[in-house]
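Novice: coordinates only, no sequence provided:
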Ligand code: URA
């Protein structure tokens, strides 16, 4: 449908006045916008109308489909076996994908994972993977498909031809204060995930200081919206809402998170990272029909872990994507920081808080993530937390280390870090990492 300026005006006015857009209208609008046939000023007005008035599930599903169909959609149907991905809404120290994908692949799930780069204070899986010498994330569709078939997992970046409408819409949202709209976020994420050619999806919707959605009510709303889109489009989606108030695990950075992930695959991990990763793994195995309940799924995951099968899948993936598989045994092959500064506790007590948002922002200063699109990443930069929330500390105990190649920045950030770590008397009350589990009406597949 070609659009005249007047038709667009009517559409914007309808949305502004709480009306509904049809699936055909949304599809025509998005494809015209992607083709450069709708001016930014009218699309910006439409986005603001959506931001204020919201979208029904039918409208959001139509927006998801239209965005997905604006570019290439992978077809993995010729690959036997369940194809299930996990998506995280982003956090600090979130290296879960690096552990989870090989572990569930070792249990028989095919994992096609199109991942992102660091965004604001949150880290990106692609930046972490590129800390491995030679690792290529710019796979073609054919390479990606071959690797999903065998060794059973692949991790790549979004190509220019995947969801091009999302790229344009996101850039416009970014400058029109319309990013934090639940239907727009949900459609943006789901369009990219569905373009991967998955059967099912597990979502890790983060909440807390270091999350995109810091309030749990908002995180739940976003999760419900994505589940509803999945149900409309015939995809099973389960979401775990998980805590992101302190950084996940002990490492925040790129090379340091790769090391922590490999250590986890060797069975050396603890607490929060283990809890979140295994909970997501349970869901993936049950969804894929490879386990009938979470308890059985957990047994399969732990067996794959203890037999080193997850680690082996990781090694195969690294090799298949051009990386040096020897990193699994020799962490010295990863970028090493030129400078390392310890941060010590100023008083005795219990660690009561580590502010994930501030740690993430300080990480951007160090070069863990990007200040803007042209910023250079320092793969060696980051933090190692020797103490986590709930741990007891004595005065002068090392609480964290700050690492990087730029000594001035490392010292500056190390000077700031004590402000982001609270130590007090009395152990803080701890609850589980999984705050809620939300699922749609569709039941797991029987295989
Ligand atoms: N991540 C996305 O992919 N899209 C959004 O709109 C927000 C976060």
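Specialist: It's in. No experiment lies behind these values; they were computed from the predicted model shown.

Novice: how about low-confidence regions in the chain?
Specialist: Residue ranges of the chain with pLDDT under 70: 1-2, 373, 442-447.

Novice: quick check, central residue of it?
Specialist: residue 88 (3.1 Å; CA atoms, centre = their mean).

Novice: which residue is the nearest non-sequential neighbour of it?
Specialist: residue 204 (4.1 Å; CB to CB, 6 or more residues apart in numbering). (Glycine included, C-beta is placed from N, CA and C.)

Novice: next: residue 267.
Specialist: In this structure, residue 267 finds its nearest non-sequential neighbour in residue 305, 5.7 Å apart by CB to CB, 6+ apart.

Novice: residues contacting that neighbour?
Specialist: For residue 305, the contact set (CB atoms under 8 Å, 6 or more residues apart in numbering) comprises 103, 265, 267.

Novice: in this structure the residue nearest to residue 88 contacts residue 96, no?
Specialist: Yes - using CB atoms under 8 Å, residue 204 is in contact with residue 96, at 6.7 Å.

Novice: who touches both of those two?
Specialist: Taking CB under 8 Å, 6+ apart as the criterion, residue 204 and residue 96 both touch 86, 88, 276, 280.

Novice: any idea how many residues pack against the residue of the chain found nearest the ligand?
Specialist: Closest residue of the chain to the ligand, CB to the nearest ligand atom: residue 188 (3.4 Å). Per other CB atoms under 10 Å, the neighbour tally for residue 188 reads 22.

Novice: and the next element down the chain from the host helix or strand of it?
Specialist: According to DSSP states H and E, residue 188 maps onto helix 182-194. Next helix or strand after helix 182-194 toward the C-terminus (DSSP H and E): strand 200-207.

Novice: now for that following strand, which elements pack on it?
Specialist: Strand 200-207 is packed against strand 84-88, helix 216-232, strand 236-243, helix 271-287, with contacts defined by 3 or more CB pairs under 8 Å, 6 or more residues apart in numbering; DSSP states H and E.

Novice: name the strands paired with the shortest one and say parallel or antiparallel.
Specialist: I take that to be strand 84-88. Paired strands of strand 84-88, with direction, are strand 200-207 (parallel) (DSSP bridges).

Novice: how far is the strand it pairs with from where the chain is centred?
Specialist: Here strand 200-207 is found 8 Å from its chain centre; the criterion is CA atoms, centre = their mean, to the nearest Å.

Novice: returning to what we had before: may I see the shared contacts of residue 204 and residue 96 organised as JSON lines, with distance to residue 365 added?
Specialist: Formatted as JSON lines, the shared contacts of residue 204 and residue 96 follow (distance: CB to CB, whole Å):
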{"residue": "86", "distance to residue 365": "29"}
{"residue": "88", "distance to residue 365": "23"}
{"residue": "276", "distance to residue 365": "26"}
{"residue": "280", "distance to residue 365": "30"}
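
Novice: what parts of the stretch 101-250 of the chain come near the ligand?
Specialist: By the rule CB under 6 Å from any ligand atom, the part of the stretch 101-250 of the chain lying against the ligand is 170, 184-185, 188-189.
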